[in-house]
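[1] 3D, please:
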Amino acid sequence: MKISDMPKLESPFVRVMKDDNYIVKDLVSTGYDWVFEGKEDEVLCTEKLDGTNVSIIIENGKITRIFNRTNEIPFFNKGSKHITEAVLNSFERGYCDFTDGQYFGEVIGIKVNGNPYKLREHLWIPFNTYCREHLTYKSYHKYPKTFENIKKWFLSPIEEGGIFSLFLRRRNIVQKPEGVVFHNLKTGQMCKLRLDMFSDFKGER
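    Numbers count the residues shown, from 1 in each chain. Next up, the predicted model:
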């Protein structure tokens, strides 16, 4: 089976450099009009999880290999134990019920990026199943998809209608997400938009 790396997710808005940081401006990137023009059954907007990208290989109905990008993770490896643990924990929860192939997701938990989800374990969250089924912002299609509207949604306080983490809300925790991922259900294309890509963002980038 040919192993692929997860394609780099670009921004749907054009990015420019300002004060050593990339920020977005009110201009749609070439080829990403679908993010703003697609209908509810064509485009999904899901929470972007703050973790590390990991894919699993299913062969003959079993998990046979694990990759962090293109680096294969041995099942017995001290330095990457948390990644194997994340996949095993998700397998026990039924998150890995796939046909044969390669599947991408995000590992989150204790040893990943400061554990913003306050987990006591590690989990592998698949993009095309769990994220689409449980972490989709259905309100995305209810308002005009303009640069200013999206910026306001991202940066407004949660109590004033600002975006919040759907993953944490399932655990009764109210907190801002890192950003969102847009999914083109027709082509499989994806792109991302983080809160810190906006020039008005207050906090660490």
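[2] per-residue confidence for Asp5?
    We note a pLDDT of 87 for Asp5 in this prediction.
[3] quick one: the closest residue to it other than its chain neighbours from Lys25, how far?
    Once flanking residues are discounted, Asp5 sits nearest to Thr70: 4.9 Å by CB to CB, 6 or more residues apart in numbering. Glycine gets a C-beta too; all of them are placed from N, C-alpha and C. Distance of Thr70 to Lys25, given as CB to CB, to the nearest Å: 32 Å.
[4] pick out whichever of the two has more residues nearby.
    For the pair Thr70 and Lys25, the greater number of neighbours falls to Lys25 (13 against 10), based on other CB atoms under 10 Å.
[5] correct me, but the more buried one touches Met17?
    No - contact criterion CB atoms under 8 Å: Lys25 and Met17 do not qualify, at 11.1 Å.
[6] Leu88 sits in which helix or strand?
    helix 81-92 (DSSP states H and E).
[7] report pLDDT for the residue at minimal distance from the centre of the chain.
    Nearest to the mean C-alpha position of the chain, counting by CA atoms, centre = their mean, stands Lys48 at 3.0 Å. Per-residue confidence (pLDDT) for Lys48: 98.
[8] and it, bridged to which residues?
    On the basis of DSSP bridges, Lys48 is bridged to Gly179.
[9] surely it touches Leu195?
    No - using CB under 8 Å, Lys48 is not in contact with Leu195, being 9.4 Å away.
[10] what's the end-to-end length of stretch 20-40?
    36 Å (CA to CA, to the nearest Å).
[11] list the buried residues in it.
    Buried residues in stretch 20-40, counting neighbours by 16 or more other CB atoms under 10 Å, are found at Ile23, Val24, Val28, Tyr32, Trp34, Val35, Phe36, Gly38.
[12] same deal with stretch 84-100?
    Using 16+ other CB under 10 Å as the test for burial, stretch 84-100 gives Thr84, Glu85, Ala86, Val87, Leu88, Asn89, Ser90, Tyr95, Cys96, Phe98.
[13] these into TSV, with extra columns for pLDDT?
    Formatted as TSV, those follow (pLDDT from 0 to 100):
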residue	pLDDT
Thr84	95
Glu85	95
Ala86	97
Val87	97
Leu88	96
Asn89	97
Ser90	97
Tyr95	96
Cys96	95
Phe98	96
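[14] max pairwise distance over these: which two?
    Greatest spatial distance in the buried residues of stretch 84-100: Glu85 and Phe98, 19.2 Å, computed using CB to CB.
[15] still on that earlier bit, ok, the residue nearest to the centre of the chain to Lys81 distance?
    According to CB to CB, Lys48 stands 25 Å off from Lys81.
[16] next, count neighbours for Lys4.
    I think there's a mix-up here, since residue 4 is Ser and not Lys. As a burial measure, Ser4 scores 11 neighbours (other CB under 10 Å).
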